[in-house]
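A.B. asks: no sequence on hand, only this structure:
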C-alpha cells in the first residue's frame with residue numbers, strides 16, 4: 001500500500017518531463033544494499049503524501065555496485081514539514097537549509113527540492129535582511145551565498161552538480177529517474193557538470209574541488225567543458241571560506257585517493273592557489289600522499305596534520321634559512337614555524353589542534369637528524385615521536401636525507417633494551433670522534 005502511494009506521488013512529478021524511467025530489471029540496483037534507516041525516512045515522507053527519492057552519491061554507488069557511505073534523501077517537503085515528521089531531527093545550514101534525521105549513531109540527510117535562481121530572487125535577496133529559508137543571494141562575483149529557493153523535482157535536478165550525481169531512485173517502487181543522461185555518463189566513465197560549467201563553478205567555486213575529488217574517487221574523466229572551465233575559474237577558489245576549504249581538502253586527502261587528487265590539483269593550478277608557499281619540488285608531497293593512501297587502504301590511522309606538515313615543510317626550511325642569518329638556528333626554526341602557519345591561515349584555516357601537531361613534528365626533526373646520544377631516549381619517549389619518525393621516512397624516501405638515517409631509527413625501535421643501549425653508546429662514540437676543539441684563551445701579556 002505504501003509503495004503504491006509513493007509510486008503515485010513520485011511519478012506525478014515527472015509525468016510531464018522528458019526524464020527516462022528505468023525499472024528494477026533495467027538498472028539492477030539491489031534493494032538489499034539500501035540502508036534500513038533510509039527506507040524508513042522515504043516511507044514516512046511518502047505516507048505523509050510527499051514526493052521523495054534517494055539521490056546523489058548513494059544512487060551512483062549502488063549502480064556501480066559500491067557500498068554507499070551514506071544515504072541522501074530529496075523531497076518536496078520543506079525543512080519545517082520534514083522536521084515535524086521525525087522526532088529526532090533538526091534543521092541545519094544557512095546557505096542551504098537541510099534536515100538531519102538521526103537513527104542512533106546514523107544520520108540520514110534530507111533536502112528539499114531546489115530550483116534555479118532567477119533575477120527576481122537575487123533582487124529580492126539583496127533587499128532583505130533576513131534571507132533564511134526564503135530566497136538565494138549571490139556575491140558580486142556570482143558566488144552563491146544562500147540557496148534556499150525551493151522548487152520541484154524537475155527543477156531540482158538542474159541544481160545538482162554532476163550528471164552521475166543527479167539520478168533519483170524510488171526504493172519503494174524500484175523506479176530510477178534520469179533527466180540528464182547520467183546513466184550514459186556512468187557507463188562511459190565520464191564526469192560532466194550539469195549546465196554551463198563555468199557558470200556553475202562561479203556560483204560555487206567549491207564545485208571545482210568536488211570535480212577533482214569525484215574524478216579521483218571514481219576514476220572518471222572530466223568532460224572537456226567541465227575540465228576547461230576549471231582553468232578559467234581557478235582563482236575563484238579564494239572565494240571559498242578558509243574553514244570550508246580545510247574541511248573539503250581534509251576529506252579529499254583522507255579519501256584514499258590523495259596521490260591522484262594532488263596530481264589533479266597541480267594540473268588545474270589549484271595547488272599553487274591553495275598553498276602559495278609550496279615549492280616546485282613535489283617529490284616529498286607525492287610520497288606523503290602515496291603513503292597516506294596506503295595507510296587508509298590498510299585501515300591505519302591518519303591525520304590531516306601530517307599532510308599539512310608535509311605541504312608546508314619546504315616553506316619552513318626556506319624561512320628558517322633566511323632567519324638563521326640573524327638568530328640562532330633553534331630560534332630561527334621556531335620563528336619560521338609560526339610565520340609559515342600564520343601565512344597559510346587566510347587561505348586554509350587549519351585548526352589549532354593540528355597546527356600544534358605540525359609544530360611538534362617539525363620540532364623533532366633536528367633531534368632525529370643529529371641523533372645526539374643524550375637525547376635519543378627522550379626523543380623515543382616523546383608523544384609525537386611516531387609521527388615525527390613517519391615524517392622522517394617521507395624525507396628519506398624523497399631523497400632529502402640519507403636512507404641510513406631512516407634505517408637507524410627503524411632498527412632502534414625493534415631491538416631489545418641491551419642492543420638499544422649499545423646503539424646509543426655507538427652513537428656517542430661516533431659523536432666523540434671529532435670533538436670540537438676548545439678555543440684557547442689568549443695568554444696575558446707579560447708585564
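C.D. replies: That came through, no problem. None of the values given here were measured: they were computed from a predicted structure. Numbers count the residues shown, from 1 in each chain.
A.B. asks: going by C-alpha atoms from here, please, whenever you check contacts or count neighbours.
C.D. replies: Will do.
A.B. asks: isn't residue 260 right next to residue 216, touching?
C.D. replies: Yes. At 5.8 Å, residue 260 and residue 216 qualify as touching, with contact defined as C-alpha atoms under 8 Å.
A.B. asks: quick check: next helix or strand after whichever strand or helix holds residue 355?
C.D. replies: Residue 355 is part of helix 352-370, with elements assigned from DSSP states H and E. Proceeding N to C from helix 352-370, the next assigned helix or strand is helix 373-380, under DSSP H and E.
A.B. asks: can you list contacts of that following helix?
C.D. replies: 364, 367-368, 385, 424-425, 427-428 (C-alpha atoms under 8 Å, 6 or more residues apart in numbering).
A.B. asks: for PyMOL, write the selection for the buried entries among those.
C.D. replies: To isolate the buried members of those in PyMOL, using 16 or more other C-alpha atoms under 10 Å:
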select buried, resi 364+368+385+424+427
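A.B. asks: mind listing what residue 248 touches?
C.D. replies: residue 209.
A.B. asks: then residue 185?
C.D. replies: Residue 185 neighbours (C-alpha under 8 Å, 6+ apart): 163-164, 191-192.
A.B. asks: give me the three-state assignment for it.
C.D. replies: Judged by DSSP: H, G, I helix; E, B strand; the rest coil, the three-state class of residue 185 is helix.
A.B. asks: ok, back up a step: need the contacts of residue 185 in JSON lines with pLDDT, can you?
C.D. replies: Shown next, in JSON lines, are the contacts of residue 185 (pLDDT from 0 to 100):
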{"residue": "163", "pLDDT": "97"}
{"residue": "164", "pLDDT": "97"}
{"residue": "191", "pLDDT": "98"}
{"residue": "192", "pLDDT": "98"}
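A.B. asks: okay, and for the stretch 51-200 of the chain, where does confidence drop off?
C.D. replies: Low-confidence segments of the stretch 51-200 of the chain (pLDDT under 70): 117-148.
A.B. asks: need the strands for it, in chain order.
C.D. replies: 52-55, 72-75, 89-92, 98-103, 106-112, 136-138, 144-147, 167-170, 175-178, 190-191 (DSSP state E, counting those that start in this stretch).
A.B. asks: just how off-centre is the helix or strand harbouring residue 43 within its chain?
C.D. replies: Element membership of residue 43, judged by DSSP H and E, is helix 36-47. Its chain's average C-alpha position is 30 Å from that of helix 36-47, according to C-alpha atoms, centre = their mean, to the nearest Å.
A.B. asks: quick check: mean pLDDT across that helix?
C.D. replies: The average pLDDT within helix 36-47 is 97.
A.B. asks: quick one: that helix to strand 106-112, angle?
C.D. replies: 30 degrees (axes from the mean of the first three to the mean of the last three C-alpha atoms, to 10 degrees).
A.B. asks: strand 98-103 and helix 36-47, what's the angle between them?
C.D. replies: Here the directions of helix 36-47 and strand 98-103 differ by 120 degrees (the same axes, to 10 degrees).
A.B. asks: pull out the buried positions in helix 36-47.
C.D. replies: 37-39, 41-47.
A.B. asks: sorry, back to before: of the contacts of helix 373-380, closest to residue 313?
C.D. replies: For those, the residue nearest residue 313 by C-alpha to C-alpha is residue 364; the value is 13.1 Å.
A.B. asks: and the nearest residue to that closest one once chain neighbours are set aside, what is it in contact with?
C.D. replies: Once flanking residues are discounted, residue 364 sits nearest to residue 388: 6.3 Å by C-alpha to C-alpha, 6 or more residues apart in numbering. Applying C-alpha under 8 Å, 6+ apart to residue 388 gives the contacts 360-362, 364-365.
A.B. asks: next structured bit after the host helix or strand of residue 388?
C.D. replies: Element membership for residue 388 (DSSP H and E) is helix 385-397. Next helix or strand after helix 385-397 toward the C-terminus (DSSP H and E): helix 403-414.
A.B. asks: quick check: closest non-adjacent residue to residue 197.
C.D. replies: residue 226 is the one closest to residue 197 (C-alpha to C-alpha, 6+ apart), at 5.3 Å.
A.B. asks: please state the mean pLDDT value computed over the one helix or strand the one you found maps to.
C.D. replies: Using DSSP H and E, residue 226 sits within helix 224-233. The average pLDDT within helix 224-233 is 97.
A.B. asks: now do the buried residues in the helix or strand just after it.
C.D. replies: Using DSSP H and E, the helix or strand that follows helix 224-233 in sequence is helix 242-253. Neighbour counts over helix 242-253 (16+ other C-alpha under 10 Å) mark 242, 245-246, 249-250, 252-253 as buried.
A.B. asks: could you pull up the mean pLDDT of helix 242-253?
C.D. replies: Helix 242-253 carries an average pLDDT of 96.
A.B. asks: by how many degrees do the helix holding residue 355 and helix 373-380 diverge?
C.D. replies: Using the same axes, to 10 degrees, helix 352-370 lies at 150 degrees relative to helix 373-380.
A.B. asks: contacts for helix 352-370, please.
C.D. replies: Contacting residues not belonging to helix 352-370 are listed as 304-306, 308-309, 337, 341, 375-376, 379, 384-385, 387-389, 391-392, 405, 409 [C-alpha under 8 Å, 6+ apart].
A.B. asks: ok, now stretch 399-418?
C.D. replies: With C-alpha under 8 Å, 6+ apart as the test, stretch 399-418 has contacts from 368-369, 389, 392-393, 395-397, 420, 423.
A.B. asks: and with 7 Å instead?
C.D. replies: Contacts of stretch 399-418 from elsewhere in the structure, counted by C-alpha atoms under 7 Å, 6 or more residues apart in numbering, are 392-393, 395-396, 420.
A.B. asks: quick one: which two of those are the most distant?
C.D. replies: The largest separation in the contacts of stretch 399-418, counting by C-alpha to C-alpha, is between 395 and 420 at 23.7 Å.
A.B. asks: look at these two and report which has more neighbours.
C.D. replies: Set side by side, residue 395 and residue 420 show more neighbours around residue 395, with 23 against 16, by other C-alpha atoms under 10 Å.
A.B. asks: for residue 28, see how far away the more buried one is.
C.D. replies: Going from residue 395 to residue 28 by C-alpha to C-alpha, to the nearest Å gives 48 Å.
A.B. asks: in what helix or strand does residue 315 lie?
C.D. replies: Using DSSP H and E, residue 315 falls in helix 313-323.
A.B. asks: what are the contacting residues of that helix?
C.D. replies: Counting by C-alpha under 7 Å, 6+ apart, 277-279, 332-333, 336-337, 340 sit against helix 313-323.
A.B. asks: repeat that for 6 Å
C.D. replies: 277, 332-333, 336-337 (C-alpha atoms under 6 Å, 6 or more residues apart in numbering).
A.B. asks: out of those residues, who's the most crowded?
C.D. replies: residue 333 (25 neighbours).
A.B. asks: that residue and residue 182: what is the separation?
C.D. replies: 52 Å.
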